[in-house]
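J.: Got a sequence here, can you model it:
(one chain, ligands or ions: 1)
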Amino acid sequence: VNVFFRPIDKINSIIETYPKGIAGFTRYTQFLDTEPDIMDRAGAKDVARLAGDIEYRGVGFGYGGGRAVFAGLDLAVKAGETVAFVGPSGAGKTTICSLLPRFYEVACGAITIDGIDIRDMTLKSLRSNIGIVQQDVFLFAGTVRENIAYGRLGAGEAEVRDAARRARLDDVIASLPDGLDTVIGERGVKLSGGQKQRLAIARIFLKNPPILILDEATSALDTETERAIQQSLAELSEGRTTLVIAHRLATIANADRILVVDEGRIVESGTHAELIARKDGRYRNLQAAQTESGKTPPAAKVAC
Ligand code: ATP
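T.: Presented below is the predicted three-dimensional model:
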């Protein structure tokens, strides 16, 4: 279950009713900042750019009063470190990450960044420090320029172009009829899955947050596109604290640390080399299972 889609659902329903273009979108972002269920605490402070030292201490959480997804979760991620969460479906990987931008509120314990409880920060300033890349990219009806500049409203031409270049979107832009001013979306040019991913990456280069959450794509892109996007993501995560929600194991071998999550608990932690060397380890078994299921199945015997 991808909890990040919740705000996206909101975006989609609102965009349909708003006038097209950036003006409507600005109003929409104001709306998102006033989500009714999670609000700024009295006395919450605007934080400036954080270093990105993350700590979960005794964190407990369950959805809508249901059973706990986890209890007493402890986790520390150093500024600049890349940590990948792996584990079976429903283990809690996405949920752990969705608590950081406060899409949901912890029930017990606390999450701090640079030693500050995230509930003592304004939502706006907390979220301005976090970039999220997920597989379903949200584009609104408008120009490529507007869609990239959503990463930081008010960004200038040079900054937009620089972000596009770093996301390897510049060739795509050059091939579009009106370049950066090409209208995309329903009535405009349709972008491919890989192009949308690059646009999402360009947004985050522009936003330049110290913390990154990568919800790894499960949907297939062709191998070459996939490799190019992985390369851009690797560059994007340089110098940022990065949490990767890994659905496939192949792409996470370069993480500084891999955390195996099962039923809301971190059951193993180490580098790829360390974990793969562990006989009967969870990570090693997951790897083996995925390699096995990734094999081409034998052709069915069909009587003709
Ligand atoms: P996957 O690899 O399938 O994405 P995951 O490890 O990311 O799984 P989570 O999505 O964090 O796992 O789910 C953890 C638990 O919380 C699961 O039992 C799931 O059913 C439940 N859950 C997730 N999102 C919600 C939600 N929005 N409402 C209620 N329960 C949810």
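J.: which stretches of the stretch 51-200 of the chain form helices?
T.: 93-98, 123-128, 144-149, 157-166, 170-175, 193-207 (DSSP state H, counting those that start in this stretch).
J.: Columns mean neighbour count and mean pLDDT on top of these, output as TSV?
T.: Using the backbone N, CA and C atoms, a C-beta is placed for each residue, glycine as well. Putting the helices of the stretch 51-200 of the chain into TSV (neighbours: other Cβ atoms under 10 Å; pLDDT from 0 to 100) gives the following:
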stretch	mean neighbour count	mean pLDDT
helix 93-98	23	94
helix 123-128	19	95
helix 144-149	24	94
helix 157-166	18	95
helix 170-175	15	93
helix 193-207	23	93
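J.: Looking at these, spot the one closest to E216.
T.: Of all the helices of the stretch 51-200 of the chain, it is helix 93-98 that lies closest to E216, at 9.8 Å by Cβ to Cβ.
J.: what about that closest one, near the ligand?
T.: Yes: residues of helix 93-98 contacting the ligand under Cβ under 6 Å from any ligand atom: K93, T94, T95.
J.: and if you look at stretch 211-231?
T.: No: residues of stretch 211-231 are not located near the ligand by Cβ under 6 Å from any ligand atom, the shortest gap being 8.3 Å.
J.: Which residues of this structure lie near the ligand?
T.: Checking the chain against the ligand by Cβ under 6 Å from any ligand atom, the hits are 1, 3, 63, 69, 87, 89-95, 247.
J.: And the buried ones among these, selectable in PyMOL?
T.: Listed next is the PyMOL selection for buried residues among those, using 16 or more other Cβ atoms under 10 Å:
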select buried, resi 69+87+91+92+93+94+95+247
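J.: Just flag the most distant two among the residues of the chain next to the ligand.
T.: Y63 and H247 (20.1 Å).
J.: any chance of the helices of the stretch 51-200 of the chain in CSV, plus distance to R278?
T.: Output for these, formatted as CSV (distance: least, Cβ to Cβ, whole Å):
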stretch, distance to R278
helix 93-98, 20
helix 123-128, 36
helix 144-149, 43
helix 157-166, 37
helix 170-175, 43
helix 193-207, 33
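J.: Good, wrapping up.
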